[in-house]
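> No sequence on hand, only this structure:
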């Protein structure tokens, strides 16, 4: 097989290129710029482009497939030549499906918890030495790639609702056609892509319709929006498995869970993680994993990168980092930490960094998201607004949106840094929530300082 990647340097594109190279395919690829860690990864596999820039000369009739990355635009000269030659052009998810048509496909969709739920399934299957392929949106302990394509009979995929490519604007998870589908919940986000909630909801309706006949839909029935959607989209030719928070206990900052009479102490915590775990269990059960084996395997799961990740701790202070930025994710993360440590002060520091979160029209969606925090700070940088070409975000609009008494809003890195330096964090938990980097503020050093 000869496969060419247009925009090979993408975070998942280069991982797929490496996976196919290891499978024995002949791989070429181009990009106009490639950053780390993609550069080193491609160099180590011997498939780094010979030069930067688009190279239409590499687009030849003998290519079996051309895979188009999100970074490539409609007028890309390689894309135009591939179209002229009538070559098979795939978006990333279309090609994953192409490679997985003979596999049993598990696809995890939803507005939140996709990466963690996918990671839990992968962790359990790896622990039980089950042969499987995967696609996941984060770096996981025990896996050197975030994409793997072999001859395994099963594939586990995180199903993203973002558009597939420049020429295929439908969501990625519409192309994966699961036999086992999970929906973790629905909460409007990405307003630059989905300008109305109804349009966003429609993508999940379509996903349900794309489950293979005879398949299984595992869904969070405690999510009222999702529960109603499932009822509206009922299909007689698939099976349904609702789930909520499983039976569990919390003692001395540790959570234990009980699944079908089997119990274990967990390294993760929070209702959202417990629900993710329950969804993962039902997916694993469908492919023959027993409750006893699942519980034993999940006990040492520590979470995906930047998902309630413990940066530093001592006997009375924990500092967590979380990718949370959407309102539902922020709320779930804050509530999880407060529930786990009810007697510690909880300090929530949220950076608004995405297009949606920096948009004044979206601000009311954050109403109550930080309500369980004893101290709440919202930070955003003028630089982030400039990069996204957004107008100024008035502080009073943030305060009226969050409806949080005592909320501190900061838009200067020094102001936040000074506040972190002068406060006492004993008997406290600090949760740093962001998909950015607090305008370059060194939070790792801060975490180490307050816990030593």
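Done, it's in. Predicted, not measured: the structure shown is a model, and the values here were computed from it. Numbering: from 1, shown residues only.
> any idea how far the residue nearest to residue 345 when sequence neighbours are not counted is from residue 442?
Nearest in space to residue 345, with sequence neighbours left out and distances taken as Cβ to Cβ, 6 or more residues apart in numbering, is residue 428 at 4.3 Å. Placement of C-beta: from N, CA and C, glycine included. Residue 428 sits at a distance of 19 Å from residue 442 (criterion: Cβ to Cβ, to the nearest Å).
> who's more crowded, the two?
residue 428 (19 against 12; other Cβ atoms under 10 Å).
> beta partners for the more buried one?
residue 317, residue 345 (DSSP bridges).
> Report the rounded mean pLDDT for the longest helix along the chain.
If you go by DSSP state H, the chain has its longest helix at helix 271-286. Per-residue pLDDT over helix 271-286 has a mean of 97.
> which residues are contacting that helix?
Under the criterion Cβ atoms under 8 Å, 6 or more residues apart in numbering, residues 106, 108, 112-113, 116-117, 120-121, 124-125, 156, 180, 182, 184, 216, 218, 220, 222, 241, 243-246, 248, 255, 257, 259, 266, 268, 289, 291, 294, 298, 303, 308, 332-333, 335-336, 339 lie in contact with helix 271-286.
> Now list the buried members of the residues you listed.
For the contacts of helix 271-286, a neighbour count by 16 or more other Cβ atoms under 10 Å gives the buried set as 106, 108, 112-113, 116-117, 120-121, 124-125, 156, 180, 182, 184, 216, 218, 220, 241, 243, 245, 248, 255, 257, 259, 266, 268, 289, 291, 294, 298, 303, 308, 332-333, 335-336.
> and stretch 177-192, how far from the chain's centre?
How far stretch 177-192 lies from its chain's middle: 11 Å, per Cα atoms, centre = their mean, to the nearest Å.
> Quick check: mean pLDDT of it?
Per-residue scores along stretch 177-192 average to 90.
> still on that earlier bit, filter the contacts of helix 271-286 down to just the ones in strands.
Counting by DSSP state E, the contacts of helix 271-286 place 106, 108, 156, 180, 182, 216, 218, 220, 241, 243, 248, 255, 257, 259 in strands.
> The fourth one contacts residue 109, doesn't it?
No. Between residue 180 and residue 109 no contact is recorded; they are 11.5 Å apart, counting by Cβ atoms under 8 Å.
> What lies in contact with stretch 73-93?
Residues outside stretch 73-93 that contact it (Cβ under 8 Å, 6+ apart) are 4, 6, 12-13, 16, 30, 54-56, 58-61, 63-70, 72, 98, 160, 164-168, 172-176.
> Show me which of these are buried.
Buried residues within the contacts of stretch 73-93, counting neighbours by 16+ other Cβ under 10 Å: 4, 6, 12-13, 16, 30, 54-55, 58-59, 63, 65-70, 72, 160, 164-166, 168, 172-176.
> Which of those residues fall in helices?
With helices taken from DSSP H, the overlap with the buried ones among the contacts of stretch 73-93 comprises 13, 16.
> neighbours around the closest residue in space to residue 190 that isn't next to it in sequence, how many?
Spatially, and ignoring its direct neighbours in sequence, residue 190 is nearest to residue 356 (6.1 Å; Cβ to Cβ, 6+ apart). Residue 356: 21 surrounding residues under other Cβ under 10 Å.
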